[in-house]
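S.K.: Build me a structure from this.
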Amino acid sequence: MPKLSEYQAKPWPNILCTGDSGSGKSTFIAHGPQPSAWLLVDKDTPTIVEGVNPDEVYFKTYPPAEVDLTKKDYLPPRNVADDLIADLQAIKNHFVSILRGKPVPLRIKQMDGTIEEWPTPAMVVLEGGAPTSHQASNRILHMNDKHTVDDFGNKLRFYDMRLQFLMNFFDIALRLPCVMCLSTWGETDKTSQKVDGKVELVDTGIVQPRIGGQLNDLIPGKFDSSFYFFVKNGFYYIRTQDDDKHKGYKVGNIVGMPPTVPMTIGKNKEGKFLNPCKDLWKLLLQR
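M.R.: Down below sits the predicted model:
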């Protein structure tokens, strides 16, 4: 193991992007390092914007759920989660083979059954943190021959299994030797509170990344940077730190960044073309 004085920080950041649909998450991510590998759980195609080479963007759209709707009591589908696990493992094995000096091609099976060979990705994108958690839940239910969480009797058993699975899943994804981006929606945090003598979950009004249960608190800290994307008066912005209405946001390795940063691409009042997405990536990659 090298001495601390010889240690060098990894040259790639892992980034968590949170916000509503249309808030600019995918546009920002699309400006990241290429070639990129997009694993799309909640959309059909990546966002391709001007200035981004579409030939350097490789993606897989995950298949629909395999269920028989004619059956009254069908088990939740596990095929989507199984596919996602297989693809993440394939990416990991590809990087491991390179590190061992015996590169193995990265091959990804598409929804139509064809096999695509992808180049070594400089960035891996997982579009859909919340749907990924939902598919993980379906897989756990299916493997345990349960139809709903209530079938476990003790619900804590189910949530512990989901927590452990997703922690392991993200640990693998975040240790890949490339940029890792996770895109997800926001979720209002809840707290237990007595209402009319009964304990109920009450909204706190604080928006945090939606990943799944305890993961909302645990996962953001594993990323180097975590941004909240939003639109105001037709202009795009990101929040780079927590305030009284946002929790789980930060920026890594950049000193002096303001809490709110404009992200609208286009000409300013002086007619100069601005691309803050590109500029932020340069800062994050220290280029």
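
S.K.: ok, which stretches of the stretch 151-287 of the chain are helices?
M.R.: With DSSP state H, counting those that start in this stretch applied, the stretch 151-287 of the chain shows helices at 155-174, 215-218, 276-284, listed in chain order.

S.K.: which residues touch the last one?
M.R.: Pointing back at helix 276-284 there. Around helix 276-284, the neighbours that count as contacts under Cβ atoms under 8 Å, 6 or more residues apart in numbering are 13, 15, 27-28, 30-33, 51, 224-225, 238, 253-254, 257, 261-265. Using the backbone N, CA and C atoms, a C-beta is placed for each residue, glycine as well.

S.K.: I'd like the helices of the stretch 151-287 of the chain as TSV, with mean neighbour count, mean pLDDT and distance to residue 141 appended.
M.R.: What follows is those, written out as TSV (neighbours: other Cβ atoms under 10 Å; pLDDT from 0 to 100; distance: least, Cβ to Cβ, whole Å):
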stretch	mean neighbour count	mean pLDDT	distance to residue 141
helix 155-174	16	95	8
helix 215-218	18	90	17
helix 276-284	17	95	38
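
S.K.: Export those as CSV, with columns for distance to residue 81.
M.R.: Below are the helices of the stretch 151-287 of the chain laid out as CSV (distance: least, Cβ to Cβ, whole Å):
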stretch, distance to residue 81
helix 155-174, 9
helix 215-218, 15
helix 276-284, 30
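
S.K.: what's the closest of these to residue 79?
M.R.: Distance to residue 79, taken as Cβ to Cβ, is lowest for helix 155-174 among these, at 16.0 Å.

S.K.: distance between that closest one and the chain's centre?
M.R.: From the chain centre to the centre of helix 155-174 is a distance of 15 Å (Cα atoms, centre = their mean, to the nearest Å).

S.K.: Thank you kindly, that will do.
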